[in-house]
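> got a predicted model here, sequence first, then my questions.
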Amino acid sequence: MPKLKIEDLQKIKQRVQQTTNLREGKSRAKITVHMGTCGIAAGARDIMDAVMEIIENNNVDDVIITTSGCAGLCSQEPMATVELPGQTPVKYIDLTKAKIAKIFDGHVMNGKIVADFVLGVGSEQTH
Amino acid sequence: MEQLNTEPTKTTANAQKPFRMSVLVCAGTGCVSNNSFKVMEALQDEIKKHNLEKEIQIVGTGCNGFCAEGPLLVVQPDEIFYAQLKVKDIPLLVEEHFLKGRPVEKFMYTPPEGEVAIPKMSDIDFFAHQRLIALRNRGLIDPEKIDEYIGRDGYTAIAKALTEMSPAEIVQEIVDSGLRGRGGAGFPSGVKWQLCAKQDSDTKYIVCNADEGDPGAFMDRSIIESDPHSVIEGMLIGAFGMGASEGFIYIRNEYPLALERLHVAIEQAEKYGLLGENILGTNFSFKMNVVRGAGAFVCGEETALIASIEGKLGEPRPRPPYPVESGLWGKPTNINNVETWANVPIIIDRGAKWFASIGTETSKGTKVFSLVGKINNTGLLEVPMGITLRDIIYKIGGGIPNGKKFKAIQSGGPSGGCIPEDQLDLPVDYESLSEAGSMMGSGGMVVMDEDTCMVDVARYFLTFTRDESCGKCAPCREGTWQMHEILTKITEGNGTLNDLAVLEALAEVVKDTSLCGLGQTAPNPVITTLRYFRDEYLAHIEKKECQAHVCRELNTYIIHGDVCKTDGKGCGVCRRECPDKAITGEKGKAHVIDQQLCGKCGVCYDVCNFNAITIE
């Protein structure tokens, strides 16, 4: 293995931070893929795979990808929720790989809600 | 760099991949002994079963600190904290939380007095009051992957030191930071570095003292287990600042996991050219050696440690000359403890001013403590200097278990002293603890409750120092032996007031005349218990009474006939178990102990299920 130069430290750091940043809770957005039984049956795993692929190919290191259970609208699965810090969560329905890619580019990276696939903005009241 | 990417090691390949979730499994010695490696294996199997291995990363980290609740697991980015996990819990956990995103409440931590589980790590009192500097990477990185250390700004401090600072500036930075030795005495590290840097010699050595020997102390072990590179980087900076080109880490052989991780870390640093010739492409070269100690307590003393590295008998010698003038093989040598070295990189990285802004007037920065004994949250913690003992015990430690009353806290190991309830608002810094008769020491803290006999505690520590005394100088060799004899006499009920006077005189003589720190501090447990708990000594001597019922020779075991007969129906268990055949009685009738025959072993008290036996 070649010996490191000072500038190599920075390169290693950037590469590693793809995984470690999220351990420290730093993020620009959170994508929740709904993975209840209905979601998985409708293809939520493909959506998850697609999201993982996008962040890997684009070296995105500050987006939290998480899962949650059924969102209650089983007929509209697969679903995902995108949440930017300080903003109301947005729910997307009837997703495909192509749709989630557009959402990632538009909403997650550039802050513009992709209105075509939106179910609604906001969450149910919990109290 | 190109080559680095085309020929990825296992380390770099893993680190490159983005994951949506990191599962940080504590793999410190405490959790490992609670089966955390098995839990980790089960996690890997289960994650594979659900095809999640591309999305979820499992990381074995160093000690998380909350040892009482192990095996531990922290799930990021949600920061969900799971405690006391078992292998059989894993399938449910993986399916519910990792696949479906529903954290599992029944595996979360519930505080002793609370009823509701606390999901997030930062909301748990044990963690919320800590400030991590020396332990900055604990639980966050895999200690066996150098890339993860670099990812958390590792080795940027040595890069800064080599390219932007002169050796003199580095030493001055440590002086300005106010960092003091974390191994016990608290000597200003910067001053020590200055003295070493001034020495005119072609060869100088630096040493890391990892010969942690205090009973109940595991700070240094945990630092090496969770972040070995922080120690290596600290030593590199020190070596450059003081003009040394070779260093030694003296670590006890009883720390197998720490030793293994240290070797892995050194090997990885060597491969990256962070140890060896022309580090980071500069003219600076440094060779690192690891020396295993055989576990003699006295080898934590610097002159004895040097003798041990040289292959000689581990015995101290008189100072001066100090190691900084004539140390290893007669060359100028700087010795710092593990925690001191671990603080160095971040001081260089963030500046002396930042470090000096934390802590008190005389004690800067933070201190790592291992909290053990009669305390709910046994574990490893790091707090800013100046925090009160009360906050450590009640806020972080979660108080005393089973509703018992606090009696004393022992800091500084066998060289320290016992601090009573009325001194608990003392700020933790070098001076305050010394004034109270104890010392900072390396950071072991043992909490004692009302069931602890303070005379017995003094005897326990004297047994330790008597056994560990190397025997070179008479005050320590004979003094600790004599003090131990007197303490034993008192705990057996044969002490006199004259013994007490002799004990006090002896303690002063041993303290003043011993050759090294071991003997000079060995009387501290006796001196402080006499100062704060004299009434207990007097009760043992005058009333032949041990209030905590620890000193068995002073106990009288009594069977309450009515309870024995009505509740226990004369079950006879005590009669059968008594090794002295001192108990008589028939089934259905009250039993009686013949005090003449009773050997005071206490077995009857332990086996009685009906609380029919009391100790008077």
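Sure thing, it's come through. All of these numbers come straight from a predicted model, not from anything done at the bench. Numbering: from 1, shown residues only, chains lettered A, B, ... in the order given.
> now do the contacts for residue 94.
Defaulting to chain A. A:Gln76, A:Glu77, A:Pro78, A:Met79, A:Phe117 (C-beta atoms under 8 Å, 6 or more residues apart in numbering or on different chains). Any C-beta I mention is one placed from the backbone N, CA and C, and that applies to glycine too.
> wrong chain, I was asking about chain B
B:Leu43, B:Glu46, B:Ile47, B:Lys49, B:His50, B:Leu52.
> at 7 Å what do you get?
B:Leu43, B:Glu46, B:Ile47, B:His50 (C-beta atoms under 7 Å, 6 or more residues apart in numbering or on different chains).
> which of the residues you listed are buried, as a ChimeraX select command?
Buried members of the contacts of B:Val94, defined by 16 or more other C-beta atoms under 10 Å in any protein chain shown, are picked up in ChimeraX with:
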select /B:43,46,47
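> list the contacts of the longest helix along chain A.
Longest helix of chain A, by residue count under DSSP state H: helix A:6-23. By C-beta under 7 Å, 6+ apart, the surrounding residues in contact with helix A:6-23 are A:59, A:61-62, A:64, B:1, B:15-16, B:18-19, B:22, B:57, B:76-77, B:140, B:147-148, B:150-152, B:155-156, B:159, B:163, B:280-281.
> redo that, cut-off 8 Å
Counting by C-beta under 8 Å, 6+ apart, A:4, A:27, A:59-62, A:64, B:1, B:4, B:12, B:15-20, B:22, B:24, B:57, B:76-77, B:140-141, B:147-148, B:150-153, B:155-156, B:159, B:162-163, B:280-281 sit against helix A:6-23.
> could you do stretch B:105-120 as well?
Counting by C-beta under 8 Å, 6+ apart, residues outside stretch B:105-120 touching it are B:66, B:69, B:79-85, B:89, B:93, B:103, B:124-125, B:376, B:398-399, B:401.
> let me see the mean pLDDT of it.
Stretch B:105-120 shows a mean pLDDT of 86.
> go on, stretch B:304-316?
For stretch B:304-316, mean pLDDT is 95.
> repeat that for stretch B:509-522.
Rounded mean pLDDT across stretch B:509-522 is 95.
> buried set for that stretch?
Buried-residue list, stretch B:509-522, by 16+ other C-beta under 10 Å: B:Val510, B:Lys511, B:Ser514, B:Leu515, B:Cys516, B:Gly517, B:Leu518, B:Gly519, B:Gln520, B:Thr521, B:Ala522.
> from B:Thr303, how far out is the first one?
What it means is B:Val510. 19 Å (C-beta to C-beta, to the nearest Å).
> pLDDT score for the residue in the stretch 101-250 of chain B that chain A sits nearest to?
Nearest to chain A, among the residues of the stretch 101-250 of chain B, is B:Gly151, at 3.0 Å (C-beta to the nearest C-beta). pLDDT for B:Gly151: 90.
> about what we covered before: filter the contacts of stretch B:105-120 down to the buried ones, PyMOL style.
Buried subset of the contacts of stretch B:105-120, written as a PyMOL selection, criterion 16+ other C-beta under 10 Å:
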select buried, chain B and resi 66+69+80+81+82+83+85+89+93+103+124+125+376+398+399
